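**Q** Sharing a sequence plus its predicted fold:
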Amino acid sequence: MDDSQVDIDLVSRFVNRETSQEEERLILEWLERSHENRKQFADLMLNVSLRSMLVDPERERCEEEMLDLLRLRIDADSSVEESRLRRRRWILPFVAFAAACVALFLIFTPFSSIRRDNTSEERYQFSFTNTKQIVASVTLGDNTKVMLKPGAQVEYDVTGFGDRRILKLVGEAFFEVAPDSLRPFTVKTGNIGVEVLGTAFSVRACDSSPESEVVLERGSVRILSPEGYPLVTISPDQRAVFNVADGGLRVESINAVPYIAENYNLITLSNASIAEIVASIEQSFSVNLVFDGNTDKSGKYFFSYSVTDSVEDILSILEFISGQRFEIHSSTLNK
Amino acid sequence: MTVGKHSLQGERDSFDDLCRKNYASLLSYARLFVPVHVAQDVVQDVLLGVWKKRDRLDLDSGLGNYMVRAVYNRCMNIIEREKVSSRYVDSYRNRITSLLSSEYLDPDRNPVILKMYSNDLRKTLDSAISNLPDRCAEVFRMSYEQHLSEKEISEKLGISVRTVETHIYNALKKLRMQLASMEIS
């Protein structure tokens, strides 16, 4: 790539995430060449950004949409504060978990009016149960990714013409919801509903336990009572635990990324050598890997993978970041 | 602390104003680092943070700068996390972003950033546009105020699409330079 090829059009496509991997590779090479190149590219990015800021016909609509969401979040926060004041005599004692956890909200919700039969009217087009002993991942029709713990079951209808995307969950799952501002995504369990305002989070709702748990990694979700009343909106790095038996709800802070990684079999290696990464993959998948030992092995990498991914996919990422070829020694492959 | 209903509503209204004034700029800034739907979450989280901390933040002085820095920090955290969880395998893009973000797109290293993203641009824009060459300003207004496409502008003015593009990008370049030289009020 030479200077004449770096024009506003290319930078505009880069900012809008329309460039191909190959183009991005060339851009990176070009940027690494000199300070001037980096300065020029950053300036062009600012130009593109200034333009999107000024010349966006959709802007007012987007602003109002965002304000509506923001108001919901503020209302959800303050309604919890208010109900806490009003219903003081019903507040139940709670036990804080570890010292690091901070309880933020606690409210009582009456349950006399739960209608257990209200789900019978709802029809779901698809259902999926994870019968394996490891976490399984499914991609729904709207591109939402769901990772299911063993035994977890989902029923869903997310591609229809309805104005909502609804999923029913029994068990534990992690969600990375595909954004669609026109059709909100709701996860229902026996005890709570989770309304998604754009986002990555996990839900644990086992029939045998009175407690349901939601952990939020990114974005924002609203927890709903079984009747559909908003209980609380949680922020990234918070965990809400709702007890259907006594109506207690607590929200505490948690470091969501390692929590989710640990729970969903994401294996994370930090500052690891290629040999360490290879050893970890070999152990996770019961395979032997062969690679060219002559090339530079001194690099240290951040590397993480999910044991539910295919070993071939993981190797192609590893090849990509390390520049080395790996092969699975087929005679030892033990599926 | 008790807040009367009237003053809370007043607070909510001025907060809405603040959001409207800053949303477009903060979103454009966040989009330099993360995909648009993540950028929306980031800006919303930052604004919610401002609301929650409203008692402690001085809403008049330096809030714009505070929000730009908050957006930057959140975006950098997200990029760091994605490196760890590697759920987005766009590594060339992440490496490009890392390469540029610390030196050229960091509000504390490049003063243009704060000037561009922390002001209510619409207020200062009119005077900035009037300083542009006539034809350039005309094209830019048609694009910015009337939301016409480049093709529509070229048909209306009888000039080529390429010329329209050139005018718009010259205008943006000059505006950016003007904004950079402007004092932060």
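**A** Cool, the structure landed. Remember, it's a predicted structure, so these values are computed and weren't measured experimentally.

**Q** and the next element down the chain from the worst-scoring helix or strand of chain B on mean pLDDT?
**A** Every helix and strand of chain B was ranked by mean pLDDT, DSSP states H and E. The lowest is helix B:121-130, at a mean of 70. Downstream of helix B:121-130, the first helix or strand assigned by DSSP states H and E is helix B:134-144.

**Q** Please work out the average pLDDT along that next one.
**A** Across helix B:134-144, the average pLDDT comes to 86.

**Q** For that helix, give me every contacting residue.
**A** Residues outside helix B:134-144 that contact it (CB atoms under 8 Å, 6 or more residues apart in numbering or on different chains): A:54-55, B:125, B:129-130, B:132, B:148, B:150, B:152-153, B:156-157, B:164, B:167-168, B:170-171, B:174. Glycine gets a C-beta too; all of them are placed from N, C-alpha and C.

**Q** Only C-alpha atoms, please: export that helix in CSV.
**A** Extracted in CSV, the C-alpha atoms of helix B:134-144 (Å, rounded to 0.1, in the frame of the first residue of the first chain):
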residue,chain,number,x,y,z
ASP,B,134,-18.8,30.2,-0.5
ARG,B,135,-19.2,27.1,-2.7
CYS,B,136,-17.7,24.9,0.0
ALA,B,137,-20.1,26.3,2.6
GLU,B,138,-23.1,25.9,0.3
VAL,B,139,-22.3,22.2,-0.4
PHE,B,140,-21.7,21.6,3.2
ARG,B,141,-25.0,23.2,4.3
MET,B,142,-26.9,21.1,1.8
SER,B,143,-25.3,18.0,3.2
TYR,B,144,-25.4,18.9,6.9
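
**Q** If you compare the directions of the helix or strand that comes right after it and helix B:134-144, what angle comes out?
**A** Downstream of helix B:134-144, the first helix or strand assigned by DSSP H and E is helix B:150-157. Taking axes from the mean of the first three to the mean of the last three CA atoms, to 10 degrees, one finds that helix B:150-157 is oriented at 130 degrees with respect to helix B:134-144.

**Q** which helices and strands sit right next to helix B:150-157?
**A** Applying 3 or more CB pairs under 8 Å, 6 or more residues apart in numbering or on different chains; DSSP states H and E, we find helix B:150-157 packed against helix B:134-144, helix B:161-181.

**Q** Need those helices in CSV (columns: distance to residue A:151 and mean neighbour count).
**A** Output for the helices and strands packed on helix B:150-157, formatted as CSV (distance: least, CB to CB, whole Å; neighbours: other CB atoms under 10 Å in any protein chain shown):
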stretch, distance to residue A:151, mean neighbour count
helix B:134-144, 56, 19
helix B:161-181, 56, 18
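
**Q** For residue A:196, which of those helices is the nearest?
**A** Nearest to residue A:196 among these is helix B:134-144 (34.3 Å), distances taken as CB to CB.

**Q** Next, the angle from that closest one to helix B:161-181.
**A** Using the same axes, to 10 degrees, the inter-axis angle of helix B:134-144 relative to helix B:161-181 is 90 degrees.

**Q** Could you say which helix or strand holds residue B:92?
**A** Here residue B:92 is assigned to helix B:91-101, by DSSP H and E.

**Q** let me redo that: residue B:67
**A** Element membership for residue B:67 (DSSP H and E) is helix B:63-85.

**Q** ok, how many other residues are close to the closest residue to chain B within the stretch 101-250 of chain A?
**A** Going by CB to the nearest CB, chain B is nearest to residue A:179 of the stretch 101-250 of chain A, at 3.9 Å. Residue A:179 sits with 19 neighbouring residues when counted by other CB atoms under 10 Å in any protein chain shown.
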